[in-house]
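K.L.:
what's the 3D shape of this:
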Amino acid sequence: MKTPRSEQESPYLSPNELMVRWRCGRSSVDRIAQRAGMKRLLLGVGKNGIVRYLKKEVEAYEATCLI
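P.N.:
Below is the predicted model:
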């Protein structure tokens, strides 16, 4: 039986989700992602564009930060 699309976990994370996950500000999320070399999915243009990060890349980055 297929799971409804709304219940499936997304392979992407938004900057706002990362703000909550990392407990930091949006500018910090952008800076960390850029320094880590994370790819961004950009949908749309300008202020109304949507940015998403690949969840696998976020998890891989977090794994490198564990000590």
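
K.L.:
what pairs with the worst-scoring helix or strand of the chain on mean pLDDT, and is each one parallel or antiparallel?
P.N.:
None of the helices or strands of the chain scores lower by mean pLDDT, DSSP states H and E than strand 40-43, at a mean of 94. Strand 40-43 sits in its sheet next to strand 50-54 (antiparallel), going by DSSP bridges.

K.L.:
so after the partner strand, what's the next helix or strand?
P.N.:
Once strand 50-54 ends, the next helix or strand along the chain (criterion: DSSP states H and E) is helix 55-65.

K.L.:
ok now the least confident helix or strand of the chain, how far from the chain's centre?
P.N.:
For strand 40-43, the gap between its own C-alpha mean and the chain's C-alpha mean amounts to 10 Å (Cα atoms, centre = their mean, to the nearest Å).

K.L.:
Give the buried residues for the helix or strand containing Glu17.
P.N.:
Secondary structure here is read from DSSP H and E; on that basis Glu17 sits in helix 15-22. Using 16 or more other Cβ atoms under 10 Å as the burial criterion, the residues of helix 15-22 that qualify are Pro15, Glu17, Leu18. Every residue, glycine included, has its C-beta placed from N, CA and C.

K.L.:
For the last one, which residues are in contact?
P.N.:
Okay, so that is Leu18. By Cβ atoms under 8 Å, 6 or more residues apart in numbering, Leu18 lies in contact with Val29, Ala33, Tyr53, Val58.

K.L.:
how about 10 Å then?
P.N.:
Under the criterion of Cβ atoms under 10 Å, 6 or more residues apart in numbering, the contact list for Leu18 reads Cys24, Arg26, Ser28, Val29, Asp30, Ile32, Ala33, Met38, Tyr53, Val58.

K.L.:
rewinding a little: could the buried residues of helix 15-22 be laid out in a markdown table, adding pLDDT and distance to Gly49?
P.N.:
Rendered in a markdown table, the data for the buried residues of helix 15-22 read as follows (pLDDT from 0 to 100; distance: Cβ to Cβ, whole Å):
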| residue | pLDDT | distance to Gly49 |
| --- | --- | --- |
| Pro15 | 97 | 12 |
| Glu17 | 97 | 17 |
| Leu18 | 98 | 17 |
